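Novice: got a sequence here, can you model it:
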Amino acid sequence: MRKKIVAGNWKMNLTLAQGEQLVNDIVAAGIKLAEGQEVVVAPPFPYLIKVKQLIRNYPGIYLAAQNCASEKSGAYTGEVSAEMLASVGVDYVILGHSERREYFSESNAQLAKKIDLALANGIKPIFCCGEPLEVRKAETQNEYVARQLEESLYHLDAAALKNIVIAYEPIWAIGTGLTASAQQAQDMHAFIRARIAEKFGREAALGLTILYGGSAKPSNAGELFASADVDGGLIGGASLVAADFTAIVKSL
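Specialist: Model prediction:
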């Protein structure tokens, strides 16, 4: 049985005090998680240790970082290595988020290096993929996403893939006024799973958790998560409001 996950990506938001309050409100909601369900919170780097302390007594709630360096260590001012993240108890790391691909020009090859370093340090990558508006308009989204998978994940073996989570981001539907339907999400998730099956085998594909990284909110999470190949969500803005985030988690 593959995991069902709701991950909250805080991005560059909240002070430490605000982040503490958010986590306290989430755990106070008393969410009942079924077997195989997880909640993941991804605060900014400075808050990782504090958030780890806040969630340590709550089984089923895990800590994620929003990025890691593509190098093991060295003279890379401002970077944070996978080894550093592991040393403070990080469970997951978000890699290849559309904002980092766009604003920091992260390449598929660079992300492959980050994947390897995360895995080597016992951290599970949440690998983001997805197409921008011009690609969706040209109806070449499958080829675009397939290339992201091939260039960042296909060097792995099936054993390593068990520690990977994929998050599909329909970039064309984020902040554009357009909306990705549950069917469009399901179609891409099914495509991703099929490509994984071709490379790594049916068993590996069936065990792979694929999250929806679009604009999920309490009003549409239930419909999205009901799709056969949608195993939860990578949540942005709604993860900053405890009531909204917990409502999405309950939609699992």
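
Novice: now do the SS call for the closest residue to V27 other than its chain neighbours.
Specialist: Of all residues not flanking V27 in the chain, Y58 sits nearest, at 5.3 Å (Cβ to Cβ, 6 or more residues apart in numbering). Every residue, glycine included, has its C-beta placed from N, CA and C. Secondary structure, DSSP: H, G, I helix; E, B strand; the rest coil: Y58 is coil.

Novice: neighbours around Y58, how many?
Specialist: Applying other Cβ atoms under 10 Å, we find 14 residues neighbouring Y58.

Novice: so what does it look like in phi/psi?
Specialist: Main-chain torsions, Y58, degrees, to the nearest 10: phi -120, psi 90.

Novice: quick one, strands of the protein?
Specialist: For the chain, applying DSSP state E gives strands covering 4-9, 37-42, 61-65, 92-95, 124-129, 165-168, 209-212, 232-235.

Novice: mind putting the ones you listed in a markdown table, mean neighbour count included?
Specialist: Shown next, in a markdown table, are those (neighbours: other Cβ atoms under 10 Å):
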| stretch | mean neighbour count |
| --- | --- |
| strand 4-9 | 25 |
| strand 37-42 | 24 |
| strand 61-65 | 23 |
| strand 92-95 | 26 |
| strand 124-129 | 26 |
| strand 165-168 | 26 |
| strand 209-212 | 25 |
| strand 232-235 | 28 |
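
Novice: can you lay out those as CSV showing distance to K113 and mean pLDDT?
Specialist: CSV is the format used below for the strands of the chain (distance: least, Cβ to Cβ, whole Å; pLDDT from 0 to 100):
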stretch, distance to K113, mean pLDDT
strand 4-9, 21, 95
strand 37-42, 20, 98
strand 61-65, 16, 98
strand 92-95, 10, 98
strand 124-129, 11, 98
strand 165-168, 18, 98
strand 209-212, 22, 98
strand 232-235, 21, 96
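
Novice: right, and these - which one's nearest S152?
Specialist: Nearest to S152, of all these, is strand 124-129, at 6.5 Å by Cβ to Cβ.

Novice: need the contact partners of the closest one.
Specialist: 7, 40, 64, 91-98, 101, 111, 114-115, 118-119, 145, 148-149, 152-153, 163-169, 192, 211, 213, 234 (Cβ atoms under 8 Å, 6 or more residues apart in numbering).

Novice: mind listing the strands that strand pairs with, and their directions?
Specialist: Strand 124-129 pairs in its sheet with strand 92-95 (parallel), strand 165-168 (parallel), by DSSP bridges.

Novice: wouldn't the residue nearest to V27 be in contact with G30 here?
Specialist: No - using Cβ atoms under 8 Å, Y58 and G30 do not qualify as a contacting pair, with a distance of 10.1 Å.

Novice: what's the burial count for E198?
Specialist: Using other Cβ under 10 Å, the number of residues around E198 comes to 11.

Novice: where's it relative to N108, distance?
Specialist: 18 Å (Cβ to Cβ, to the nearest Å).

Novice: over to N24?
Specialist: 38 Å.

Novice: ramachandran coordinates for L156?
Specialist: phi -80, psi 170.

Novice: quick check, it in contact with K162.
Specialist: No - in this structure L156 lies outside contact range of K162 using Cβ under 8 Å: 9.8 Å.

Novice: from S107, how far off is the residue located most distally from the centre of the chain?
Specialist: Most distant from the centre of the chain: A75, at 28.1 Å, with distances by Cα atoms, centre = their mean. Per Cβ to Cβ, A75 is found 21 Å from S107.

Novice: tally of neighbours for I115?
Specialist: Using other Cβ under 10 Å, I115 has 25 other residues around it.

Novice: now do L206
Specialist: 12.

Novice: for the chain, what spans make up the helices?
Specialist: 16-28, 48-55, 82-87, 98-103, 108-120, 133-137, 141-153, 158-161, 182-200, 202-206, 218-225, 242-250 (DSSP state H).
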